[in-house]
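A.B. asks: Attaching a predicted model along with its sequence, questions to come.
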Amino acid sequence: MPLRCASLSVKRPWWALAVLVAASTSWSSPSVTGNGPPAAPVPDVSADAALSGGSTTVFDITPNAFGHALGNLERSRWPMMLAGKALFMKRWGEDPATAAGPLSNASGCGSCHFKDGRGRPLTELGPEAPVLIRMSVPARRAPGGVSPEPVYGGQLNDLGIPGVPAEGTVAVTYTELKGRYPDGTEYSLRKPSFRVTDLGYGPLAVKAMLSPRIPVPVFGLGLLEAIPEEAILARADAGDRDGDGISGRPNRVPGLRTGTSMLGRLGWKASQPSIEQQVAKAFSEDLGLTSELYPERTCTAKQRACREKAVASSPELSPHVLEQTSLYLRLIAPPARRDVTEPAVVKGQALFQEVGCASCHHAGFRTGDVADLPELSNQPVRAYTDLLLHDMGPELADGRPDGEASGTEWRTAPLWGLGLLQSVNRQVRMLHDGRARGFEEAILWHGGEAEATRERFKKLERSEREALVAFLRSL
């Protein structure tokens, strides 16, 4: 079938950086009103600063920027990349032998991760709402204190095959919240309210907890997975022992392969420990397809029509399909930064550090040794995340625990590629539920551990705020 997501990249020589970056530049960090972290170091604006993932990085600012193979991928592995891409882009509903369902959210992975990015263009979204709604109810004795909603399960499925009613439709409305910076500049935020309509199997449980989620980009996952666990844990500070107000902590989640507790590092709440497990979970809950890791249908006891259609006696996805799809996601490259030596970008990077954003959005990881994919070994990872959980305050809380993550905690979202969202996905929606229409709105929603950083951002002069946003656009 045609590969519609993006083309593979050609391995680029190091001198190709010359078209993107110039000589190193230094910048004296401007002052910020109010108390804050210690003075930040001079930002790195050397040629290497453009390399989000070291030699795996690719250089593309077109709508295909997120869909390339690792920049250093050996040509012998390209057929595996293409095979995995075909599975990622496959529309399972078009194959009667492996039709998505009986209940699902999409017909294929690419339906939500448009061009390997965050979501489909706004013109194709229909009612503006997240693709997924996670659901649960309080359960004192269950892991994490919650269990799936008894009628609808752990995720709302808005699609059903013939004869199986869809579970419901997500609707969202927004309330505009007006605000003003200390310098008098006005801003507006959107506070979303979500509800489920057209319920196919009766009312939700009285205490049902709903958590909306928009898709996340899938590039660079192989690098995030290859960061040594000890490097991530070294940044954890659950008790805020250093008194800086930041107390990131890891999420420990079940590893289905190992049968042990593992470090969660993928997903909005770091709820999955590996790409393979993330892929298997998405096949199960998003597409309704079983695998050896998730062999049970998601139909609940209350969904008779769904259970009658769920007659498969063995997992529908072979281990090979799971392996090839997971391998594809390991091999997608992060895009290079742009304009790293532009004065506004350099100034914005200094401010990003000085106001405190870099306390959580960390850019200094390096991968370990990856035996089966040496291209991923010993590479810098400038994803701007610590992969830890942070309390983001009541305004961003979904109230729904996930593993050891509380209802107010979220994994620090990687920032690489944000400046290319408009080019690739033709829309910019940020935060877990897509409420933020741009960089400033996303910052202004930060609370909890990030409240002091938000307040320092608000006290910046307008030109300084614009410079910080210019830096974010360069990622």
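C.D. replies: Sure, I can see it.

A.B. asks: which residues sit in contact with Leu51?
C.D. replies: Leu51 is in contact with 17, 57, 336-337, 380, 382, counting by Cβ atoms under 8 Å, 6 or more residues apart in numbering. The C-beta positions use only the backbone N, C-alpha and C, and glycine is treated the same way.

A.B. asks: Check what pLDDT it gets.
C.D. replies: Looking at Leu51, its pLDDT is 96.

A.B. asks: that older thread, mind putting the contacts of Leu51 into a markdown table with distance to Leu210?
C.D. replies: As requested, the contacts of Leu51 are exported to a markdown table (distance: Cβ to Cβ, whole Å):
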| residue | distance to Leu210 |
| --- | --- |
| Leu17 | 46 |
| Thr57 | 38 |
| Ala336 | 38 |
| Arg337 | 36 |
| Pro380 | 38 |
| Arg382 | 34 |
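
A.B. asks: Out of those, which sit inside strands?
C.D. replies: Pro380 (DSSP state E).

A.B. asks: spatially speaking, which residue is in the middle of the chain?
C.D. replies: Val216 (3.5 Å; Cα atoms, centre = their mean).

A.B. asks: So the closest residue to that residue other than its chain neighbours versus Asn425, what's the distance?
C.D. replies: Leaving aside its sequence neighbours, Val216 sits nearest to Arg118 (Cβ to Cβ, 6 or more residues apart in numbering; 6.4 Å). Per Cβ to Cβ, to the nearest Å, Arg118 is found 5 Å from Asn425.

A.B. asks: Ok, Gly179 next?
C.D. replies: Relative to Asn425, and taking Cβ to Cβ, Gly179 is found at 27 Å.

A.B. asks: So those two - more neighbours on which side?
C.D. replies: Asn425 (23 against 11; other Cβ atoms under 10 Å).

A.B. asks: The residue nearest to the centre of the chain touches Cys112, doesn't it?
C.D. replies: No: checked against Cβ atoms under 8 Å, the pair Val216 and Cys112 is beyond contact range at 9.7 Å.

A.B. asks: tell me which residues of stretch 178-187 are tucked away?
C.D. replies: Tyr181 (16 or more other Cβ atoms under 10 Å).

A.B. asks: try stretch 347-354
C.D. replies: For stretch 347-354, by 16+ other Cβ under 10 Å, it's 347-354.

A.B. asks: can you tell me which of those residues are in helices?
C.D. replies: Residues from the buried residues of stretch 347-354 lying in helices, with DSSP state H as the criterion: 347-354.

A.B. asks: before we move on, the earlier item: nearest to Arg241, of the contacts of Leu51?
C.D. replies: Arg382 (26.5 Å; Cβ to Cβ).

A.B. asks: Can you report how many residues neighbour the residue lying closest to Arg307 once chain neighbours are set aside?
C.D. replies: Closest residue to Arg307 apart from its sequence neighbours, by Cβ to Cβ, 6+ apart: Cys299 at 4.7 Å. Using other Cβ under 10 Å, the number of residues around Cys299 comes to 21.

A.B. asks: so who does the closest residue to Met209 other than its chain neighbours touch?
C.D. replies: With sequence-adjacent residues excluded and distances taken as Cβ to Cβ, 6+ apart, Met209 is closest to Arg400, at 4.3 Å. Listed by Cβ under 8 Å, 6+ apart, the contact partners of Arg400 are 134, 136, 146, 209-211, 407.

A.B. asks: what about the residue lying farthest from the centre of the chain, is that helix, strand or coil?
C.D. replies: With distances taken as Cα atoms, centre = their mean, the residue sitting farthest from the centre of the chain turns out to be Glu308, at 34.7 Å. Under DSSP: H, G, I helix; E, B strand; the rest coil, Glu308 falls in the helix class.

A.B. asks: cool, Gly110 as well?
C.D. replies: helix.

A.B. asks: Surely it and Phe88 touch.
C.D. replies: Yes: applying Cβ under 8 Å, one finds Gly110 in contact with Phe88, separated by 6.0 Å.

A.B. asks: Once you drop chain neighbours, what's closest to Val340?
C.D. replies: Per Cβ to Cβ, 6+ apart, closest to Val340 is Ala49, 4.7 Å.

A.B. asks: So which residues of the chain form strands?
C.D. replies: Under DSSP E, the chain gives strands at 103-104, 132-138, 146-147, 159-160, 169-180, 186-197, 209-213, 251-255, 260-264, 365-366, 380-381, 389-391, 409-411.

A.B. asks: hang on, isn't Asp402 packed against Arg252?
C.D. replies: No: using Cβ under 8 Å, Asp402 is not in contact with Arg252, being 11.5 Å away.

A.B. asks: Those two: which has the busier surroundings?
C.D. replies: Neighbour count, other Cβ under 10 Å: between Asp402 and Arg252, Asp402 has more, with 25 against 16.

A.B. asks: State the distance from the more buried one to Gly447.
C.D. replies: From Asp402 to Gly447 the distance is 19 Å (Cβ to Cβ).

A.B. asks: coming back round to it: quick one: which of the contacts of Arg400 is nearest to Gly168?
C.D. replies: Once Cβ to Cβ is applied, the member of the contacts of Arg400 that ends up nearest Gly168 is Leu210, at 10.7 Å.

A.B. asks: The closest one contacts Phe194, doesn't it?
C.D. replies: Yes: applying Cβ under 8 Å, one finds Leu210 in contact with Phe194, separated by 6.1 Å.

A.B. asks: what is in contact with those two at once?
C.D. replies: Contacts common to Leu210 and Phe194, judged by Cβ under 8 Å, 6+ apart, are Ile133.

A.B. asks: For the residue nearest to Val216, give me its contacts.
C.D. replies: 214-217, 421, 425, 429.

A.B. asks: re the thing from before, quick check, nearest of the contacts of Leu51 to Ser463?
C.D. replies: Closest to Ser463, out of all of the contacts of Leu51 and judged by Cβ to Cβ, is Arg337, at 21.5 Å.

A.B. asks: Count the neighbours of the closest residue to that closest one other than its chain neighbours for me.
C.D. replies: Nearest non-adjacent residue to Arg337, counting by Cβ to Cβ, 6+ apart: Ala50, 4.6 Å away. Number of residues near Ala50 (other Cβ under 10 Å) recorded here: 21.

A.B. asks: before we move on, what about the one 10 residues further on?
C.D. replies: Applying the criterion other Cβ under 10 Å, we find 19 residues in the vicinity of Asp60.

A.B. asks: Make sure it is actually in contact with Ala69.
C.D. replies: No: between Asp60 and Ala69 there is no contact under Cβ under 8 Å: 11.5 Å.

A.B. asks: sorry, back to before: most neighbours of all the contacts of Arg400, which one?
C.D. replies: Ser136 (25 neighbours).

A.B. asks: what bridges to that residue?
C.D. replies: Met209 (DSSP bridges).

A.B. asks: Need the per-residue pLDDT for it.
C.D. replies: pLDDT, Ser136: 92.
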